[in-house]
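Undergrad: Sharing a model prediction with you, sequence too.
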Amino acid sequence: SVINSRETLFRLARVLLKTYIASLGICATLYLCGPIYLMCIKNDKSLRLLAFDMWFPWGLENFSVYVASFVFHAYVGYLCCIVYAGLQSTIVLLVGQIIRQLRILTFIMSNMDELIKELVGERGDKWQRECTSLLSQCVDHFVKTKRFANRLNVICQPFYF
């Protein structure tokens, strides 16, 4: 049913998001530990490696400045992971919603005769008008869903894996 598919979609999206954030967190932690590990094994007290190689307008010789810079790198790295995971899960939810809409339309089209009989009672002139009306509503909804899917694909294409 429609309500069960919505609950299943949200449950699966929640599991996917938690798994995705956990795996990104582990990967980011391992990436951030790389420079610390290299500094430990090289035994060079003046070596100051950062998580992301970049130019700084200040020197990193002062340990406090280095720690603050490294913490900022770690914070920004984790923030990017969370934002990217949120964006990916939003894309998954929107694609899941498109799939749900198409399944609903498929159900309506497959069971149109029974649905209209429940509303109208028996076949006749009113049954024909209701079938035509429902069919045109389904076509309109399909066109809107297809346009939304195309726009979503164009907007989100750079973020796909």
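TA: Right, received. Where do you want to start?
Undergrad: for this protein, what's the longest helix?
TA: Using DSSP state H to define each element, the chain has its longest helix at helix 63-110.
Undergrad: helix or strand right after that helix?
TA: helix 112-120 (DSSP states H and E).
Undergrad: isn't Arg123 right up against Lys117?
TA: Yes - Arg123 lies in contact with Lys117 (Cβ atoms under 8 Å); the separation is 7.4 Å. For glycine as for every other residue, the C-beta is placed from the backbone atoms N, C-alpha and C.
Undergrad: Low-confidence ranges, the chain, go.
TA: 1-2, 54-58, 160-161 (pLDDT under 70).
Undergrad: what domains does the record give for it?
TA: As recorded under automatic domain parsing, the domains making up the chain are 1-92, 111-161.
Undergrad: JSON lines for those domains, including distance to Leu102?
TA: Putting the domains of the chain into JSON lines (distance: least, Cβ to Cβ, whole Å) gives the following:
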{"stretch": "domain 1-92", "distance to Leu102": "11"}
{"stretch": "domain 111-161", "distance to Leu102": "7"}
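Undergrad: Let me know which of the ones you listed is the nearest to Arg103.
TA: Judged by Cβ to Cβ, the one of those that comes nearest to Arg103 is domain 1-92, at 6.7 Å.
Undergrad: Show the contacting residues for Phe70.
TA: 35, 50-51 (Cβ atoms under 8 Å, 6 or more residues apart in numbering).
Undergrad: mind running it again at 6 Å?
TA: The contact partners of Phe70, taken as Cβ atoms under 6 Å, 6 or more residues apart in numbering, are Leu50.
Undergrad: how near is it to Thr106?
TA: Look at Phe70 and Thr106: by Cβ to Cβ, to the nearest Å, they are 54 Å apart.
Undergrad: Likewise for Leu79?
TA: 41 Å.
Undergrad: Which residue lies nearest the spatial centre of this structure?
TA: Ser89 (2.1 Å; Cα atoms, centre = their mean).
Undergrad: Perfect, that will be all.
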